[in-house]
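J.: I'd like to go over a predicted model; first the sequence, then the structure.
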Amino acid sequence: MTRAARGRRTTLPPAVLAVHGVAAVLVAAGLGHTLWDGVHDPGHALAFGVLITVGELARWGALPGEREPAPLGAAGALAYALLGRSGGAPTTHGVLQVIAVLAAAQLIACVPQVARGSGPAPDRVARRILTVAFAAVCFQPLHNSGRVPDRFGEGPYYVLFMLLLLALTALCDAVLAALLLRSRTVPPGFKSMGGTPVPYGPLLRDELRALIGIGSAVCATGVVMALGVAVAGLWALPVLCVPLLLAQVSFRRFVAVRTTYRQTIASLARCTEIAGYTPPGHARRVATLCTAVGRELGLSGSELTVLEYAALMHDIGQLSLVDPVPDGATAPLPTAEQRRIALLGGAVVRQTGVDAEVAVVVERQADPYREQPLSARIVRAVNAYDDLCGESLIGPLGALEQLRLGTGHDYQPEVVESLARVLARGGPTPVPPG
């Protein structure tokens with residue numbers, strides 16, 4: 001590979017470069033200003049710096065599906081950005097010192113993490129800096145100028161102001177996360193081909209829905225820490241950290257169980273390949289394409305999870321056949337045979353203890369599309385595409401043409417066109433038979 005080719009492969013997308021660049025400028029400004037002007041309220045800076053460092057060190061490495069691997073560090077940084085008083089006395093730190101303390105804590109925490117090969121992702125670090133800077137910019141100047149205490153006092157209106165600021169900060173984080181994901185992340189099995197970009201709306205919707213989980217706990221703990229220190233001083237910090245630590249442990253156990261659950265489903269899906277009923281990689285390709293098509297059509301969250309599981313297990317009914325279907329392709333079979341295999345597959349899925357919604361999608365993938373739920377329509381179209389692509393005389397373009405010809409009864413036109421747009425961005429290539 002030439003040096004130019006390696007350079008093209010390592011070039012970051014413009015949006016990622018912009019986010020990283022702004023974060024780097026803020027860090028440089030914060031550290032430079034703090035070194036030049038000195039540290040205000042050094043006891044508070046040290047306490048919150050230690051809290052953020054400990055929170056970052058307790059990340060243990062991110063698990064798949066975990067949106068915030070260091071919730072304690074995130075809550076501590078947010079609390080420092082929203083801190084205006086301590087023990088009844090006003091604080092004097094500003095926006096730039098908040099950024100400097102956060103950056104220093106993350107740098108210190110990175111040393112042992114990098115040594116053991118589990119350092120934080122640059123995108124996550126940049127997001128944290130920009131989100132905390134946004135909260136500090138919205139709060140510190142207003143509070144230090146006296147406008148917030150004079151207008152809202154220290155009663156319920158002050159808390160409402162903090163909650164409104166918290167909602168705006170969470171929205172800022174979700175917008176940045178969706179932007180970085182759209183710019184950098186490509187679904188597994190895909191490669192960029194310069195086609196239509198990944199839709200931004202479903203990604204943003206996913207990030208906003210994720211705030212309901214550990215994100216809401218982080219935001220609430222950050223505000224409670226700031227309010228608690230404002231009344232009781234720094235002694236409130238260790239007490240207020242305990243609930244979030246317990247939530248972090250519980251959430252990680254939940255994510256670990258869900259990861260094991262998905263691995264079990266993937267292993268069951270491979271049974272048809274190992275037994276020779278379907279081509280190698282068929283279930284994985286169908287699941288990858290189905291997830292991308294589902295996101296293109298606006299599905300998100302639990303709907304995408306059900307779709308992925310159903311796509312992985314859509315052919316499991318073939319295990320009941322005495323003689324395998326040639327090349328595992330069910331699309332050319334008579335409708336009655338397709339429906340029989342689908343019903344057998346649904347019965348097997350129900351026996352595994354998987355969500356009943358997954359079994360419904362598997363059972364109904366052979367029905368006319370007007371009678372199917374959207375997830376079953378997607379699985380049917382994508383499965384037929386992969387089956388038809390396996391025929392060397394047809395190929396991907398011919399398979400899409402066959403799907404378009406079948407939109408009158410078998411395949412929903414919107415699903416087929418969404419599949420075409422996803423394929424224009426690049427998709428997993430089916431393995432020809434033989």
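T.: Looks like it arrived, so ask away.
J.: rest of the way, CA atoms for contacts and neighbours
T.: Will do.
J.: any idea how far V382 lies from L388?
T.: From V382 across to L388, the span is 10 Å (Cα to Cα, to the nearest Å).
J.: now the strands for the stretch 201-350 of the chain?
T.: With strands called from DSSP state E, counting those that start in this stretch, the stretch 201-350 of the chain shows none.
J.: how about the helices in it?
T.: Here the stretch 201-350 of the chain has its helices, by DSSP state H, counting those that start in this stretch, at 216-232, 236-269, 271-274, 282-296, 302-312, 335-351.
J.: give me whichever of these is most buried.
T.: The highest mean neighbour count among those, using mean count of other Cα atoms under 10 Å, belongs to helix 282-296: a mean of 25.
J.: alpha carbons only: can I get that helix in PDB?
T.: Output of helix 282-296 as PDB, limited to C-alpha atoms (Å, rounded to 0.1, in the frame of the first residue of the first chain):
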ATOM      1  CA  HIS A 282     -26.000 -15.700   5.400                       C
ATOM      2  CA  ALA A 283     -27.700 -14.900   8.700                       C
ATOM      3  CA  ARG A 284     -25.100 -12.400   9.600                       C
ATOM      4  CA  ARG A 285     -25.400 -10.600   6.300                       C
ATOM      5  CA  VAL A 286     -29.200 -10.600   6.500                       C
ATOM      6  CA  ALA A 287     -29.100  -9.200  10.100                       C
ATOM      7  CA  THR A 288     -26.600  -6.500   9.100                       C
ATOM      8  CA  LEU A 289     -28.700  -5.400   6.100                       C
ATOM      9  CA  CYS A 290     -31.900  -5.600   8.000                       C
ATOM     10  CA  THR A 291     -30.600  -3.400  10.800                       C
ATOM     11  CA  ALA A 292     -29.400  -0.800   8.300                       C
ATOM     12  CA  VAL A 293     -32.700  -0.900   6.400                       C
ATOM     13  CA  GLY A 294     -34.700  -0.600   9.600                       C
ATOM     14  CA  ARG A 295     -32.700   2.400  10.700                       C
ATOM     15  CA  GLU A 296     -33.300   3.900   7.200                       C
END
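J.: mean confidence score for it?
T.: Taken as a whole, helix 282-296 has an average pLDDT of 86.
J.: ok, back up a step: how about a markdown table for the helices of the stretch 201-350 of the chain, with distance to A399 added?
T.: Shown next, in a markdown table, are the helices of the stretch 201-350 of the chain (distance: least, Cα to Cα, whole Å):
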| stretch | distance to A399 |
| --- | --- |
| helix 216-232 | 45 |
| helix 236-269 | 24 |
| helix 271-274 | 22 |
| helix 282-296 | 14 |
| helix 302-312 | 19 |
| helix 335-351 | 19 |
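J.: just give me the neighbour total for the spatially closest residue to F251 that is not a sequence neighbour.
T.: Using Cα to Cα, 6 or more residues apart in numbering and skipping residues adjacent in sequence, the residue nearest F251 is I214, 7.5 Å away. Using other Cα atoms under 10 Å, I214 has 19 neighbouring residues.
J.: where does pLDDT dip in the stretch 1-150 of the chain?
T.: Of all residues in the stretch 1-150 of the chain, those with pLDDT under 70 make up the ranges 1-10, 59-69, 117-119, 146-150.
J.: helices of that one, start to end?
T.: Taking DSSP H, counting those that start in this stretch, the helices of the stretch 1-150 of the chain run over residues 3-10, 14-37, 42-57, 71-81, 95-115, 122-144, 147-152.
J.: ok, L237 touching V223?
T.: No - judged on Cα atoms under 8 Å, L237 makes no contact with V223 at a distance of 11.7 Å.
J.: coming back round to it: model confidence for the residue nearest to F251, exactly?
T.: pLDDT recorded at I214 is 73.
J.: same question for R340.
T.: According to the model, R340 carries a pLDDT of 81.
J.: can you tell me how far the closest residue to T53 other than its chain neighbours sits from G94?
T.: Ranked by Cα to Cα, 6+ apart and with sequence neighbours excluded, the top spatial neighbour of T53 is A105, at 4.9 Å. Distance, A105 to G94, using Cα to Cα: 17 Å.
J.: cool, and P13?
T.: 32 Å.
J.: so Q365: helix, strand or coil?
T.: At Q365 the chain is in coil, as set by DSSP: H, G, I helix; E, B strand; the rest coil.
J.: for it, which non-adjacent residue is closest in space?
T.: The shortest distance from Q365 to any non-neighbouring residue, by Cα to Cα, 6+ apart, is to A376 (4.9 Å).
J.: the one you found against V361, yeah?
T.: Yes - using Cα under 8 Å, A376 is in contact with V361, at 4.8 Å.
J.: joint contacts of those two?
T.: Jointly contacting A376 and V361 under the rule Cα atoms under 8 Å, 6 or more residues apart in numbering are L307.
J.: burial of L102, as a residue count?
T.: Look at L102: counted by other Cα under 10 Å, it has 31 neighbours.
J.: if I look at it, how far off is Y80?
T.: From L102 across to Y80, the span is 9 Å (Cα to Cα).
J.: other SSEs contacting the helix or strand containing the residue nearest to Q365?
T.: Take DSSP states H and E as the rule and A376 turns out to sit in helix 374-389. Under the contact definition 3 or more Cα pairs under 8 Å, 6 or more residues apart in numbering; DSSP states H and E, helix 374-389 sits against helix 282-296, helix 302-312, helix 356-363, helix 395-405, helix 413-424.
J.: looking at those, which one has the lowest mean pLDDT?
T.: Across these, helix 395-405 has the smallest mean pLDDT, namely a mean of 80.
J.: any residues touching that helix, and which ones?
T.: For helix 395-405, contacts defined as Cα under 8 Å, 6+ apart pick out 381, 384-385, 388-389, 411, 413, 416, 420.
J.: centre of the chain to that helix, how far?
T.: For helix 395-405, the separation from the chain centroid amounts to 32 Å (computed by Cα atoms, centre = their mean, to the nearest Å).
J.: give the buried residues for that helix.
T.: By 16 or more other Cα atoms under 10 Å, the buried positions in helix 395-405 come out as 395-396, 398-400, 403-404.
J.: I'd say I52 and G73 touch.
T.: Yes - contact criterion Cα under 8 Å: I52 and G73 qualify, at 4.1 Å.
J.: please report the distance of the nearest residue to G317 once chain neighbours are set aside from A287.
T.: Excluding the flanking residues, the one nearest G317 by Cα to Cα, 6+ apart is G345, at 3.5 Å. Distance from G345 to A287, counting by Cα to Cα: 16 Å.
J.: looking at P13 and G94, which has the bigger crowd around it?
T.: Neighbours were tallied for P13 and for G94 using other Cα under 10 Å; the higher tally belongs to G94 (23 against 12).
J.: the more buried one: what's it in contact with?
T.: Applying Cα under 8 Å, 6+ apart, the residues contacting G94 are 136, 140-141.
J.: return the member of those residues nearest to L268.
T.: A136 (49.3 Å; Cα to Cα).
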